[in-house]
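Chemist: Quick one: sequence plus predicted model below, questions after.
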Amino acid sequence: MGDLQTSLAASQQAVQAAGANTGLAEAAQNVIAKTQGKISGYETLFEFFTIFIFFYLAKGMLEGMSGIGGYTDQRFFAARNEREAGFLTLESILISLLRWAMVAGLVAIGIHMVVTDLPEFQSAIAQIKGDSEMVLPAVIGAVLPVGIKGFVLAGLIAAAMSTFDSTLNAGASYLVIDLYQTYINPGASMKQLVRASHVATIILAVLGVFIAALIPNIDPIWDFVTMALGAGMFMPLFLRWYWPRYNGWGFAWGTGAGILSAMFIKIGFSGIPLYLSFPTILGISFMGSVIATMITDPVKEEVLLDFWMKVNPGGFWKKICAAC
């Protein structure tokens with residue numbers, strides 16, 4: 001923030017040197033003065049920006065090193081070969097770049113609107129100041145022309161629907177395959193499984209709509225799912241690739257310890273910032289994984305050999321590699 005204020009001061013001196021009696025210079029000075037006032041109010045907001053960037057970077061690295069998980073698996077399982085799986089990864093990267101670039105651009109426009117405080121955008125500026133989550137609809141409604149606005153809204157609706165239906169299908173498959181077919185009706189026919197999936201999909205959709213109606217703001221839920229609750233899953237997903245002593249008990253207890261600690265912090269200590277809750281949950285999940293793994297039996301060596309031959313993972317697999 002200090003560098004930005006220094007740049008503004010230098011810009012003001014340059015404008016004055018160009019001639020303060022011109023209309024352009026006067027308008028530029030007004031914008032600079034307003035910007036300096038706005039920036040001073042945002043210093044606290046961006047004070048921990050570097051810390052948050054660090055933890056999001058750590059989160060991304062852990063996710064990448066932990067392999068795929070959740071409904072992402074289905075995309076790769078649907079591929080016919082490794083080449084198609086690679087193309088799926090490339091497609092995901094390219095689409096993500098375009099998506100986040102668009103969202104970041106709209107947010108930057110919103111910040112510019114608040115800083116410049118132009119009269120024609122007062123209604124949108126009031127929305128953003130009242131609730132920062134309104135920056136996206138405020139910018140779309142106030143800045144984008146009619147044709148572009150329609151394309152952007154159609155794209156956002158399509159993105160929301162694709163995320164909703166893929167998550168809904170994944171949740172239904174978990175209920176049907178992992179619970180119904182495994183424990184309730186192991187001998188279920190294909191027709192019964194299809195009916196069960198229909199029922200599971202309807203139940204999840206109704207629950208989703210009901211919960212959405214009770215939540216006034218998605219921001220705390222998003223933070224909880226992506227950072228707090230997700231932190232409980234990172235360490236078990238990471239250890240499964242790099243530590244051959246790791247077993248199913250360690251994965252289950254590590255995941256359970258992380259999720260329970262995340263819920264406990266969310267309910268009892270909701271005021272704790274993410275840069276403190278994230279490493280706390282991560283550490284608890286790690287201890288639960290290690291303790292449960294060490295007090296239970298290891299995985300059979302032939303299973304580890306088969307896994308190493310198929311996957312060739314990194315980490316502490318030297319002993320297994322030597323046995324091949």
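Modeler: Great, that's in hand.

Chemist: didn't E63 look like it was pressed against A231?
Modeler: No. Judged on CB atoms under 8 Å, E63 makes no contact with A231 at a distance of 10.9 Å. The way it works is simple: take the backbone N, C-alpha and C, and place the C-beta from them, glycine included.

Chemist: neighbour count winner among these two?
Modeler: A231 (28 against 17; other CB atoms under 10 Å).

Chemist: Wait, the more buried one touches I259, no?
Modeler: No. A231 sits out of contact with I259 when judged by CB under 8 Å, with a separation of 9.4 Å.

Chemist: which residues touch A79?
Modeler: By CB atoms under 8 Å, 6 or more residues apart in numbering, the contact set of A79 is A85, L88.

Chemist: what about it, which SS state?
Modeler: coil (DSSP: H, G, I helix; E, B strand; the rest coil).

Chemist: any idea how far A124 lies from F77?
Modeler: 44 Å (CB to CB, to the nearest Å).

Chemist: Who has more neighbours out of the two?
Modeler: More neighbours surround A124 than the other of A124 and F77, with 23 against 9 (other CB under 10 Å).

Chemist: Enumerate every residue touching that one.
Modeler: G110, M113, A138, V139, G141, A142, V143.

Chemist: one more time with 10 Å, if that's ok
Modeler: Counting by CB atoms under 10 Å, 6 or more residues apart in numbering, A124 makes contact with 109-110, 113-114, 118, 134-135, 137-143.

Chemist: Sort out which residues of stretch 114-124 are buried, please.
Modeler: V114, V115, F121, A124 (16 or more other CB atoms under 10 Å).

Chemist: no no, stretch 302-320
Modeler: L304, F307, W308, P313, W317, I320.

Chemist: what is the mean pLDDT for it?
Modeler: Mean pLDDT, stretch 302-320: 85.

Chemist: who touches both of A231 and I259?
Modeler: I281, S285.

Chemist: ok so, going back, and the furthest pair within the buried residues of stretch 114-124?
Modeler: Across the buried residues of stretch 114-124, no pair lies farther apart than V115 and A124, at 13.1 Å, counting by CB to CB.

Chemist: Show me the contacts of A124 that map onto helices.
Modeler: Using DSSP state H, the members of the contacts of A124 that fall in helices are I109, G110, M113, V114, V135, P137, A138, V139, I140, G141, A142.

Chemist: From what I see, the third one and I140 are in contact.
Modeler: No. Proximity of M113 to I140 does not meet the contact threshold set by CB atoms under 10 Å, at 12.0 Å.

Chemist: If you count surrounding residues, which of these two has more?
Modeler: Each of M113 and I140 had its neighbours counted (other CB under 10 Å), and the higher figure belongs to M113 (21 against 18).

Chemist: who touches that one in this structure?
Modeler: E120, F121, Q122, A124, I125, I128, V135, A138, V139, A142, V143.

Chemist: Then I177?
Modeler: With CB under 10 Å, 6+ apart, I177 has these contacts: L193, A196, S197.

Chemist: Just among those, which is most surrounded?
Modeler: A196 (20 neighbours).

Chemist: any idea how far that one is from F164?
Modeler: 21 Å.

Chemist: try I320
Modeler: Relative to F164, and taking CB to CB, I320 is found at 42 Å.

Chemist: picking up where we left off before, whichever of the ones in helices among the contacts of A124 end up buried, select them in ChimeraX.
Modeler: To isolate the buried ones among the ones in helices among the contacts of A124 in ChimeraX, judged by 16+ other CB under 10 Å, type:
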select :109,110,113,114,135,138,139,140,142
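
Chemist: Could you list the low-confidence segments of this protein?
Modeler: 1-49, 52, 68-74, 223, 226-229, 324 (pLDDT under 70).
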